[in-house]
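J.: Structure, please.
(chains A and B)
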Amino acid sequence: MTLTLTDVRLTYPDGDRRLVALNAVNLRIAPGELVAVTGPSGSGKSSLLAVAGALTSPESGTVRIEDTDVTALDQKGRDRLRRERIGFVFQQANLLASLTALDQLLLVAHLSGASRRPAEARARQMLDRVDLGGKAHKRPHQLSGGERQRVGVARALMGRPALLLVDEPTSALDHDRGEVVVALLRDITHEQQVATVMVTHDLQYLHLADRTVAMQDGRVIATQPAPA
Amino acid sequence: MFIAVRDLRFARGRFALLGTVIALMTLMVVLLTGLTAGLGAASVSAVAALPVDGISFQRPTDGQQVSFATSSLPAEAVATVAAQPGVTAAWPLGVSTTRLQADGGATTVTLIGGDPELYPALRHGQAPTGAEVALTTDLAEAQSVSVGDTVAVGGQRVRVAAVVATTSFNHLPVVYTPISTWHDLARTDAITAVASTRDDAASAAADPTGMTTVSRDQAFTAVGGYASEQGSLNLMRGLLLAVSALVVGAFFTVWTMQRGTDLAVVRALGGSRGYLLRDALTQAGIVLLVGAAVGAGAAAGLGAVAARVVPFVLNATTVGTPLAAMVVVGALGAAFSVRRVSTVDPLTALGAAR
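T.: Down below sits the predicted model:
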């Protein structure tokens, strides 16, 4: 398994008490599997991504990515893990305003200390893969919402991650563009054998996932194959 | 500096504005530094040119500082100082303000009486003896006087025996003359101070009764107005540097806050705190260096023109020191502001993590 969460619990301070964001969450995601995580606001979807992506540490339980126990890593180790094994696709794409599409991808290579020439070849290949090869030198404000999100997908894949974490990728897109992005994520998940967790409250794209996980009040309440 | 350089290109208007502000601040600091040095030289270069280690003045009354204007010692004070442990040589020094009249016009000068060993470098003629004087080069040119001419100093006719390197005292050109002639021209039997060369033993010895000895450089403050003049200009320079640090700090505080989401994204992508800090400091450093260099360059150009009409010293020190100071205080201001990039939480890159 690429991602394994075992009995994970996460709480946040909320006034005088603590809010339970994840409660006894168990989840296993295999390479080449696209899992859609659904649930109402506050159900723990984004907290699940934060824990799986080594952005925060759970209060208890373990998180493993391939053979690495994420909960045992210090901050430098978690930074390195995110650089080398995890790809993020953010809500609204979260592209850096000053960087061209190509630079968004080269930044990932730069963070890893990769050589410029092979990195640029890889970046162009990734942009071609998301059909944006012709817009490599456009900045975010020169791209449509769907194009920005596809650049975000290419950026997430740039470092050849084992785990792809996707946060509400269609929230700013209309139906057609949203479907293109989710279909792209599905195809990439299968062809590159990454384990993909996609948080969404948009139920109309669930048929593109291999499996859906429903959450409520920080718990996984149902797991089922995606509807046909 | 991957992001730093691209940010500079992308937001070039904002950074150009900051760079212009830094350039203008540097321009002012460099011009003030040149002016401070120029006014300082106009005030004390005659003292700085004395080849001595110490100057003994009449001991001032309580609460007062030593002063060329008020010090008066008997001629025997020279022998007293010369007898002090560690003193290798001592010379009488007379300093007074008087009027020089030449064919080229009249002007107020500082008349310094003393041994020719104390004079600046000789340019023309021979060291004066008897009723003779040496004029500094700028004064001789301004009054169209040459060696061999006769001028009136304090109403008495004296021959110009030499022209020496330019010095000034209390913003007045200097005329040098032997101490005996100075006594005549200043109409006094006393002397102003005793100049001396000394070795290490002298520093441990007590001053002779009624005298206070200070080093040559400390004697600058004995020139009227020097300390307050330099103090005022240095205060202005200090304030300008402080304002510069605040301006740079304020800009980078706002800039860092504006790019909070970008920074969180980079952290989420695996960028370390050190990476972000280095990138932000590099960005600040580039803006500072370019802005300060442009400002210093412009100031050097303006200073070269200004030096023709006002006391202004333009050299590597008066340009390089304020330039370095601007970069250092600007970097401190920027570092104080961008330190918060290291506290950015990558979790905030997720839209609704909580």
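J.: check contacts around the closest residue to residue A:101 other than its chain neighbours.
T.: Distance criterion CB to CB, 6 or more residues apart in numbering or on different chains; nearest residue to residue A:101, sequence neighbours excluded, is residue A:151 at 4.8 Å. C-betas here are computed from N, CA, C, even on glycine. Residue A:151 is in contact with A:93, A:95, A:101, A:104-105, A:127, A:130, A:132, A:140, A:143, counting by CB atoms under 8 Å, 6 or more residues apart in numbering or on different chains.
J.: Dump the C-alpha coordinates for the helix or strand containing residue A:151 into CSV.
T.: Assigned by DSSP states H and E, residue A:151 belongs to helix A:145-158. The C-alpha trace of helix A:145-158 is given here as CSV (Å, rounded to 0.1, in the frame of the first residue of the first chain):
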residue,chain,number,x,y,z
GLY,A,145,-9.4,28.5,-14.2
GLY,A,146,-9.3,25.1,-15.8
GLU,A,147,-5.8,25.7,-17.2
ARG,A,148,-4.6,26.9,-13.9
GLN,A,149,-5.9,23.7,-12.2
ARG,A,150,-4.2,21.6,-14.9
VAL,A,151,-0.9,23.4,-14.3
GLY,A,152,-1.4,22.6,-10.6
VAL,A,153,-1.8,18.9,-11.6
ALA,A,154,1.3,19.0,-13.7
ARG,A,155,3.2,20.7,-10.8
ALA,A,156,2.1,18.0,-8.4
LEU,A,157,3.4,15.3,-10.7
MET,A,158,6.7,17.0,-11.5
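J.: so what are the domain limits for chain B?
T.: B:2-42+B:228-352, B:51-215 (automatic domain parsing).
J.: Closest one of the contacts of residue A:151 to residue B:97?
T.: Nearest to residue B:97 out of these is residue A:140 (CB to CB; 72.6 Å).
J.: Spatially central residue in the chain, please.
T.: By default, I'm working from chain A. residue A:165 (1.5 Å; CA atoms, centre = their mean).
J.: try again with chain B
T.: Relative to the mean C-alpha position of chain B, the nearest C-alpha, by CA atoms, centre = their mean, is the one of residue B:37, at 3.3 Å.
J.: Lowest average pLDDT across the domains of chain B?
T.: Lowest mean pLDDT within the domains of chain B: domain B:2-42+B:228-352, at a mean of 90.
J.: Tell me the secondary structure at the closest residue to chain B within chain A.
T.: Nearest residue of chain A to chain B (CB to the nearest CB) works out as residue A:83 at 2.8 Å. The three-state label given to residue A:83 by DSSP: H, G, I helix; E, B strand; the rest coil is helix.
J.: Show the subsequent helix or strand relative to the longest strand along chain B.
T.: Criterion DSSP state E: the longest strand present in chain B is strand B:87-102. Next along the chain after strand B:87-102, taking DSSP H and E as the criterion, comes strand B:105-113.
J.: what angle sits between that following strand and strand B:87-102?
T.: Going by axes from the mean of the first three to the mean of the last three CA atoms, to 10 degrees, strand B:105-113 is angled at 170 degrees with respect to strand B:87-102.
J.: can you pull the buried residues of strand B:105-113?
T.: By neighbour count on 16 or more other CB atoms under 10 Å in any protein chain shown, the buried set for strand B:105-113 is B:109-113.
J.: same deal with stretch A:193-211?
T.: A:194-200, A:202, A:205-206, A:208-211.
J.: which among the residues you listed gets closest to residue B:170?
T.: The closest of the buried residues of stretch A:193-211, once distances to residue B:170 are taken by CB to CB, is residue A:199, at 79.7 Å.
J.: returning to what we had before: wait, the residue of chain A closest to chain B touches residue B:266, no?
T.: No - with contact defined as CB atoms under 8 Å, residue A:83 does not count as touching residue B:266 (10.6 Å).
J.: Comparing these two, which residue is more hemmed in?
T.: Set side by side, residue A:83 and residue B:266 show more neighbours around residue B:266, with 25 against 19, by other CB atoms under 10 Å in any protein chain shown.
J.: The more buried one touches residue B:276, doesn't it?
T.: Yes - here residue B:266 reaches residue B:276: they are 6.2 Å apart, a contact under CB under 8 Å.
J.: joint contacts of the two?
T.: Joint contacts of residue B:266 and residue B:276 (CB under 8 Å, 6+ apart) do not exist.
J.: isn't residue B:32 right up against residue B:240?
T.: Yes - between residue B:32 and residue B:240 a contact is recorded at 7.0 Å, counting by CB under 8 Å.
J.: Give me the phi and psi angles of residue B:207.
T.: phi -70, psi 150 (degrees, to the nearest 10).
J.: That one and residue A:16, how far apart?
T.: 74 Å (CB to CB, to the nearest Å).
J.: the more surrounded of the two?
T.: residue B:207 (16 against 5).
J.: Give the full set of residues in contact with that one.
T.: For residue B:207, counting by CB under 8 Å, 6+ apart, the contacting residues are B:56, B:59, B:213.
J.: Next, count neighbours for the last one.
T.: The burial count assigned to residue B:213 is 26, neighbours taken as other CB under 10 Å.
J.: what's the weakest-modelled helix or strand in chain A?
T.: strand A:219-225 (a mean of 87; mean pLDDT, DSSP states H and E).
J.: what about that one, distance to the chain center?
T.: In terms of CA atoms, centre = their mean, to the nearest Å, the centre of strand A:219-225 is found 19 Å from the chain centre.
J.: Check stretch B:331-341 too.
T.: 31 Å.
J.: Any chance you could give me it in CSV, C-alpha atoms only?
T.: The C-alpha coordinates for stretch B:331-341 follow below in CSV (Å, rounded to 0.1, in the frame of the first residue of the first chain):
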residue,chain,number,x,y,z
ALA,B,331,19.3,44.4,5.4
LEU,B,332,18.6,44.6,9.1
GLY,B,333,15.2,46.1,8.4
ALA,B,334,14.5,43.6,5.8
ALA,B,335,15.7,40.7,7.9
PHE,B,336,13.4,41.8,10.8
SER,B,337,10.5,41.8,8.4
VAL,B,338,11.1,38.7,6.4
ARG,B,339,11.9,36.6,9.4
ARG,B,340,8.2,35.8,9.5
VAL,B,341,8.5,33.8,6.3
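J.: Give the residues shared as contacts by residue A:83 and residue B:266.
T.: Common neighbours of residue A:83 and residue B:266 (CB under 8 Å, 6+ apart) are residue A:111.
J.: where do the strands sit along the chain?
T.: Picking chain A for this. Going by DSSP E, chain A shows strands at A:3-14, A:17-29, A:34-38, A:60-65, A:68-69, A:86-89, A:163-167, A:195-199, A:211-216, A:219-225.
J.: wait, chain B
T.: Counting by DSSP E, the strands of chain B are B:54-58, B:87-102, B:105-113, B:122-125, B:132-136, B:150-153, B:156-164, B:168-169, B:172-177, B:193-198, B:211-215.
J.: just these: most buried one?
T.: Highest mean neighbour count of the strands of chain B: strand B:132-136, a mean of 27 (counted as mean count of other CB atoms under 10 Å in any protein chain shown).
J.: Would you mind pulling the contact partners of it?
T.: Against strand B:132-136 from outside (CB under 8 Å, 6+ apart): B:119-120, B:122, B:125, B:127-128, B:143, B:145, B:151, B:153, B:158-168, B:173-178, B:181.
J.: Find the nearest non-adjacent residue to residue B:273, please.
T.: residue B:342 (4.1 Å).
J.: what's the burial count for the one you found?
T.: 15.
J.: Is it in contact with residue B:278, as I believe?
T.: No - counting by CB under 8 Å, residue B:342 stays clear of residue B:278, with 10.3 Å between them.
J.: wait, what's in contact with residue B:222?
T.: B:47, B:55, B:57, B:65-68, B:71, B:214.
J.: Grab the nearest non-local neighbour of it.
T.: Nearest non-adjacent residue to residue B:222 (CB to CB, 6+ apart): residue B:66, at 4.7 Å.
J.: Quick check: pLDDT value at the nearest residue to residue A:137 once chain neighbours are set aside.
T.: Closest residue in space to residue A:137, ignoring its immediate chain neighbours: residue A:100 at 4.9 Å, by CB to CB, 6+ apart. pLDDT, residue A:100: 97.
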